[in-house]
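*Asks:* Could you work out the structure for the sequence below:
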Amino acid sequence: MLRSEEWKSLTNSTKLIYIYLKAKYNGRNPDELKLTYIELKDEFAPATISKAFRELEQKGWVERTKYGGLFRFYSLYK
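*Replies:* Numbers count the residues shown, from 1 in each chain. As a prediction, the model looks like this:
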């Protein structure tokens, strides 16, 4: 994966956020990966987080299974 052209085309921020998201996988939750802005706020600006998730979705690295909102619900990915 690390040597693929698709991986190399991602920005560094996007790569890091993908790694954080994959770290949430525990073997039983493939369709319910949740990574909140609050968890990433010390590392990234909110605009960077949004851009990274958009890039991951557009390039097919993740798929959003549930759309979240501002205050009550979180987006889930697989």
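*Asks:* for this protein, which spans come out with low pLDDT?
*Replies:* Residues of the chain meeting the criterion pLDDT under 70: 69-71.
*Asks:* Contacts only, for Ile49.
*Replies:* Contacts for Ile49 (C-beta atoms under 8 Å, 6 or more residues apart in numbering) come out as Ile17, Tyr37, Leu40. Using the backbone N, CA and C atoms, a C-beta is placed for each residue, glycine as well.
*Asks:* let's go with 10 Å and repeat that
*Replies:* Ile49 sits next to Ser13, Thr14, Ile17, Leu35, Thr36, Tyr37, Glu39, Leu40, Lys41, Glu43 when contact means C-beta atoms under 10 Å, 6 or more residues apart in numbering.
*Asks:* next one: Tyr74
*Replies:* Contacts of Tyr74 by C-beta under 10 Å, 6+ apart are Glu32, Lys34, Leu35, Thr36, Tyr37, Ile38, Lys66, Tyr67, Gly68.
*Asks:* Would you map the strands across this protein?
*Replies:* 64-66, 76-77 (DSSP state E).
*Asks:* Return the distance of the first one from the chain's centre.
*Replies:* Centre-to-centre, strand 64-66 and its host chain are 11 Å apart (C-alpha atoms, centre = their mean, to the nearest Å).
*Asks:* just stretch 40-48 next, same as before
*Replies:* With C-alpha atoms, centre = their mean, you get 12 Å for stretch 40-48.
*Asks:* returning to that earlier point: tell me which of the strands of the chain sits nearest to Leu2.
*Replies:* Of all these, it is strand 76-77 that lies closest to Leu2, at 20.5 Å by C-beta to C-beta.
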